[in-house]
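1. Using only what follows, build the 3D model:
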Amino acid sequence: MQIVCLFLLLITLSAGAAERLNVLFIAVDDMNNDLGCYGNRVVKSPNIDKLARRGMRFDRAYCQFPLCSPSRSSLMTGLRPDTTRVFDLQYHFRNGLPDVVTLSQFFMTNGYYAARVGKIYHYGNPGQIGTSGLDDPASWQEFFNPAGRDKTVIESNIVNYTPRRGLGSAMCLLADKEGKDEEHTDGMVATKAIELMEKHKDKPFFLAVGFYKPHTPYVAPQKYFDLYPNEISVPRPGRTNQIPAPALASTRPWPWFGVSRQQAHECKSAYYASISFVDAQIGCVVDALDRLKLADKTVIVFWSDHGYLLGEHGLWMKQSCFEESARVPLIIAAPGKRPGACLRTVELLDLYPTLVDLAGFEILKGLHGASLVPLLNNPKAEWNRPAFTQVQRGNFPGHSVRTERWRYTEWDFGEKGVELYDHKFDPREFKNLAHDPRHTKILREMKSLAKQNWPVRVEGGKARANLQR
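-> Residues are numbered from 1 along each chain as shown. Predicted coordinates for the structure are as follows:
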């Protein structure tokens, strides 16, 4: 009798495991919303666009800190930067949170095969390609750090228009006339990800696939540069007299790190070429998932760690609270969920509880995000959560709150400037309404939202999060 019961129990557990949803967790590095599925008519992104047609596209998704390590640490722990204490590219969240259970670690402890290919946690791009950088070993059973010809063969040929800046933060580019997709690092990431899906297709997996592009240096095979033969315009810097100085401090020298307008045009075209290149690699991975007949039992998540400025306000890259830097592309394609577009304001740290929820597990207490499953079921469902984004300027912070209509930003708790933008009439954030007496009420309401998340000043100018929010 005991043998029969044990046998039935094993059958039940096996059946339960077989029904679990896999997670294909696709990350890109420094990609903004300049994609076809988000309305851009220049960028060629057919594979991401195709993924958007089969999933829910979130049109107002925001990172918690527009810099690689703080953003990725927040997403993977489900905790805000003021809890992870990650504000730069050196500190590791385990130093202060040794026992935190990360997103992939949660799935691993619940019987999943968990693996990383490429960049999920931070490591310098391109300097640390081929290494684990600031990876978290507790998050994976296996990890792989490819290094392709963009790193090992042609890196020395890259044209750098800002030679005083390292390649990872420079205005620099190279069209590879000889290399094939699969020889580049991101091509190798795709190849390895497909290999792991083939190997582990018969048991539940959490596969994190971290691509390196379109992060600078803007390097891709020549054919992707050929997609953008015409000059792509860069916006001219607008008036800055209404904008607090810290808001423009992420780009020095200003504008565009001091490059010429023509060089800025070239860099923008090269950035778009890099998007198209990584889009092709994403297509390879998703096509393999379909070929392996895993689509009906796999949640596909596509996300970028933060946005990216391409000349707006005279700025380039990240570490800004403006919309182009804080906003990210986010697509979730889940079995049984209808495709669509959601206009609700969501955050990257919502991914942790969402994936746990979709997989049928109980959501851990203490996570700072919220499950997006109600919005996957109904993108117009009631949702009153704002998005919080922050940056650091030396010894003082910048804090930004985004609702469906408004963005409010304050520097050093308001002592070094305040911004208020009405996205209904000013989606590019040109007109700062913070000192307009007609908006005193909304300014007060938005400031109150900021205080809910960043209530007090502490040592070093960083704020302590309100964990009860």
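2. Show me the strands in the stretch 301-450 of the chain, by range?
-> Taking DSSP state E, counting those that start in this stretch, the strands of the stretch 301-450 of the chain run over residues 309-310, 316-317, 327-333, 340-347, 387-393, 396-402, 406-411, 418-422.
3. buried stuff in the last one?
-> Of the residues in strand 418-422, those buried under the neighbour-count criterion (16 or more other CB atoms under 10 Å) are 418-422. Placement of C-beta: from N, CA and C, glycine included.
4. Figure out how far that strand is from the centre of its chain.
-> Centre-to-centre, strand 418-422 and its host chain are 24 Å apart (CA atoms, centre = their mean, to the nearest Å).
5. What pairs with that strand, parallel or antiparallel?
-> Take DSSP bridges as the rule and strand 418-422 pairs in its sheet with strand 406-411 (antiparallel).
6. What mean pLDDT does the strand it pairs with get?
-> Mean pLDDT, computed over strand 406-411, is 98.
7. for stretch 447-462, same thing?
-> So the average pLDDT for stretch 447-462 ends up being 76.
8. thinking residue 243 is in contact with residue 434, fair?
-> No: judged on CB atoms under 8 Å, residue 243 makes no contact with residue 434 at a distance of 10.0 Å.
9. top helix in this protein by residue count?
-> Longest helix in the chain by number of residues (criterion: DSSP state H): helix 261-291.
10. and the angle for it with strand 327-333?
-> Calculated by axes from the mean of the first three to the mean of the last three CA atoms, to 10 degrees, helix 261-291 forms an angle of 10 degrees with strand 327-333.
11. in helix 261-291, what's buried?
-> In helix 261-291, counting by 16+ other CB under 10 Å, buried: 263-286, 288-289.
12. what's the neighbour count on the closest residue to residue 137 other than its chain neighbours?
-> Excluding its sequence neighbours, the residue lying closest to residue 137 (CB to CB, 6 or more residues apart in numbering) is residue 143, at 7.7 Å. Neighbour count for residue 143, taken as other CB atoms under 10 Å: 18.
13. and residue 143, that's in a strand?
-> Yes: the assignment for residue 143, made by DSSP: H, G, I helix; E, B strand; the rest coil, places it in a strand.
14. The nearest residue to residue 122 once chain neighbours are set aside is in what secondary structure piece?
-> Nearest residue to residue 122, sequence neighbours excluded (CB to CB, 6+ apart): residue 69, at 3.5 Å. Assigned by DSSP states H and E, residue 69 belongs to helix 68-77.
15. Check the secondary structure at residue 186 for me.
-> Put simply, residue 186 is helix when judged by three-state DSSP.
16. residue contacts, it?
-> By CB atoms under 8 Å, 6 or more residues apart in numbering, the contact set of residue 186 is 118, 148, 211-213, 277-278, 281.
17. export the residues you listed to JSON lines and tack on distance to residue 196?
-> Shown next, in JSON lines, are those (distance: CB to CB, whole Å):
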{"residue": "118", "distance to residue 196": "12"}
{"residue": "148", "distance to residue 196": "18"}
{"residue": "211", "distance to residue 196": "15"}
{"residue": "212", "distance to residue 196": "18"}
{"residue": "213", "distance to residue 196": "20"}
{"residue": "277", "distance to residue 196": "21"}
{"residue": "278", "distance to residue 196": "18"}
{"residue": "281", "distance to residue 196": "15"}
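18. Residue 137: which of the residues you listed is nearest?
-> Ranked by distance to residue 137 (CB to CB), these are led by residue 118 at 15.7 Å.
19. any idea how far residue 104 is from the residue nearest to the closest one when sequence neighbours are not counted?
-> Using CB to CB, 6+ apart and skipping residues adjacent in sequence, the residue nearest residue 118 is residue 210, 3.6 Å away. Taking CB to CB, to the nearest Å as the measure, residue 210 falls 11 Å from residue 104.
20. Between those two, which contacts overlap?
-> 116, 120.
21. Between the two, which has more neighbouring residues?
-> Taking other CB under 10 Å, residue 210 and residue 104 do not tie; residue 104 has more neighbours (26 against 22).
22. residues contacting the residue nearest to residue 84 when sequence neighbours are not counted?
-> Nearest residue to residue 84, sequence neighbours excluded (CB to CB, 6+ apart): residue 93, at 4.3 Å. Contact partners of residue 93, counting by CB under 8 Å, 6+ apart, are 73, 77, 84-86, 100, 136.
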